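1. Let me see the structure of the following:
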Amino acid sequence: MFDGFTAETLARIQFAFTISFHIIFPAFSIGLASFLALLNAMWLKTRDHTYLALFDYWKRIFAVVFGMGVVSGIVMSYQFGTNWAVFSDKTGPILGPMMAYEVMSAFFLEAGFLGIMLFGRERVGNGLHMFATLMVAIGTLMSATWILAVNSWMQTPAGFVIGDNGQFLPQDWWQIVFNPSFPYRLTHMVLAAYLTTSFVVAGVAAWHLLRGRDGPVTRRMFSMAMWMIVITAPLQIFAGDSHGLNTLEYQPAKISAMEGHYQSHPDGAPLILFGIPNPAEKRIDYAVEIPKLSSLILKHSLNAPLDGLDKVPDDEEPPVTVLFWSFRIMVGLGFAMLGVGLWSLWRRWQGNLYGDHWLQRAAVMMGPAGFVAVLAGWITTEVGRQPYTVYGLLRTSESLSPIAAPAVGASLLAFIIVYFFVFGAGTFYILRLMAKGADGDGNTHDKGPLRVAVMESVKAQPGE
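-> Numbering: from 1, shown residues only. Below is the predicted model of the structure:
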């Protein structure tokens, strides 16, 4: 099945496959944990049962998503020893402690308070239950902080010396953790998680609204999600632009590949909207472009020069075709998200947020968009780092374990089969939970607060 593939190629495919499955769960759980903390706080402040109903509705989904994220993350860690032993040996003195800090601080915090958040309200009281919910939310953010610190160091390494045996040895932990790209990557990822969660929540609410489940809980869910999209979408676009400027400074070859600039432009580079990369001829065929706009975006000057891939040795050139399309998918979805947010703001101002079925259909269609954008963003980040695992210092080909291609192929095939069965079943169960009506219809498990919300809450006004 994998004849003709080298051990390096198969190991990269395997890691890409497992991290693609894994990243969608933390991206959802980070945003969902914060959403649960907000819902719980609003319930305690207002005693409005719609917030309690939404908390109980989404906490079940969070529990499943959190568990799937843990399982998929554990599997990934073993690959550092099986497929990437040289990388682990050389970077272990730096990456090892940071990964350990993530487990000891973030994961233990999440796991330690998760049970109280899910089952402890009646046992520990509202105050301690709120504290536990906050700790889970903070734990997810801390986990993202440590993981992004690790990844950012691989992209922009700092604060180290190279020992006699070729290992990267820590010299300044402040510089290691807060390396040049870390603040931009962390901000970009956290906002991506919030946007991903917002669109899932909006999509679920819109689906129920389209089915005639126009109750106060569903309306509150849709309204809160749309407010979050309106706030986070423009922030994410601004954060992405800042991240791009940082990448231009430290990884110019990645920017050239993303933009499709095979050639340098000494008097202003065009923004290539669409086209077909032609790596053999080193050009973009059928390019649709806007003159000088890339220079304006990246250097804030129409005539600013921009180097292309002709300044990069061929053996250090990242795969242009993959980067060119993954970047455009990410950016295109980002602006589509902004469009949905502005659309909802307009309908809210008109007092018809819940009556626009086309907006609801758009929200349902855009429900998975956050996951696709996150995957496209990670592909852009990781493929753009090639051919290095530690940018500019350790090549991917030098990071591989001494392992044969058939062994990697066999484990990759096993991963594909197991993942599709296990995570396919988990995803199906999550969709089943989402299909249950948030206003007590659809055979919901926990009827208590949901029924109270339906019976006692004041009907939400249009345009809430």
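
2. What residues does the closest residue to Thr187 other than its chain neighbours make contact with?
-> Nearest non-adjacent residue to Thr187, counting by C-beta to C-beta, 6 or more residues apart in numbering: Ala239, 4.9 Å away. (Each C-beta comes from the backbone N, C-alpha and C, glycine too.) Going by C-beta atoms under 8 Å, 6 or more residues apart in numbering, Ala239 touches 184, 187-188, 191.

3. ok, Phe113 touching Met135?
-> Yes - using C-beta atoms under 8 Å, Phe113 makes contact with Met135 at a distance of 4.2 Å.

4. The strand or helix carrying Met98 - what's its average pLDDT?
-> Remark: Met98 resides in helix 85-101, with elements defined by DSSP states H and E. What helix 85-101 shows for mean pLDDT is 90.

5. residues of the helix or strand following it that come out buried?
-> Using DSSP H and E, the helix or strand that follows helix 85-101 in sequence is helix 108-119. Judged by neighbour count (16 or more other C-beta atoms under 10 Å), helix 108-119 contains these buried residues: 109-110, 113-114, 116-118.

6. what packs against the next helix or strand along the chain from helix 108-119?
-> Later in the chain than helix 108-119, the nearest helix or strand by DSSP H and E is helix 121-155. Contact here means 3 or more C-beta pairs under 8 Å, 6 or more residues apart in numbering; DSSP states H and E; on that basis helix 121-155 packs against helix 7-46, helix 85-101, helix 108-119, helix 173-177, helix 182-210, helix 369-385.

7. Tell me which of those helices lies nearest to Arg283.
-> helix 369-385 (19.5 Å; C-beta to C-beta).

8. how about the helices in the stretch 351-464 of the chain?
-> 357-365, 369-385, 405-435, 447-456 (DSSP state H, counting those that start in this stretch).

9. re earlier: going by distance to Leu375, which of the buried residues of helix 108-119 wins?
-> In terms of C-beta to C-beta, no member of the buried residues of helix 108-119 lies closer to Leu375 than Glu110, at 23.0 Å.

10. is it true that that closest one touches Leu134?
-> No - Glu110 is beyond contact range of Leu134, at 11.6 Å (criterion: C-beta under 8 Å).

11. still on that earlier bit, please identify the most buried of the helices and strands packed on helix 121-155.
-> Most buried of the helices and strands packed on helix 121-155 by mean neighbour count (mean count of other C-beta atoms under 10 Å) is helix 182-210; its value is a mean of 24.

12. Flag every buried residue along the following helix or strand past that one.
-> Moving toward the C-terminus from helix 182-210, the next helix or strand (DSSP H and E) is helix 216-250. By neighbour count, with 16+ other C-beta under 10 Å as the criterion, the buried positions of helix 216-250 are 216-230, 232-233, 236-237, 239-240, 243-244, 246-248, 250.

13. Let's test this: mean pLDDT of helix 216-250, rounded?
-> The average of the pLDDT scores along helix 216-250 is 93.

14. circling back to that earlier point, ok, which of the helices and strands packed on helix 121-155 comes nearest Leu359?
-> Among the helices and strands packed on helix 121-155, helix 182-210 sits nearest to Leu359 (C-beta to C-beta), with 7.6 Å.

15. for the closest one, packing partners?
-> Using 3+ C-beta pairs under 8 Å, 6+ apart: helix 182-210 touches helix 7-46, helix 121-155, helix 216-250, helix 320-349, helix 357-365, helix 369-385, helix 405-435.

16. how about the ones you listed in JSON lines, adding distance to Lys311?
-> Output for those, formatted as JSON lines (distance: least, C-beta to C-beta, whole Å):
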{"stretch": "helix 7-46", "distance to Lys311": "26"}
{"stretch": "helix 121-155", "distance to Lys311": "20"}
{"stretch": "helix 216-250", "distance to Lys311": "13"}
{"stretch": "helix 320-349", "distance to Lys311": "14"}
{"stretch": "helix 357-365", "distance to Lys311": "41"}
{"stretch": "helix 369-385", "distance to Lys311": "16"}
{"stretch": "helix 405-435", "distance to Lys311": "34"}
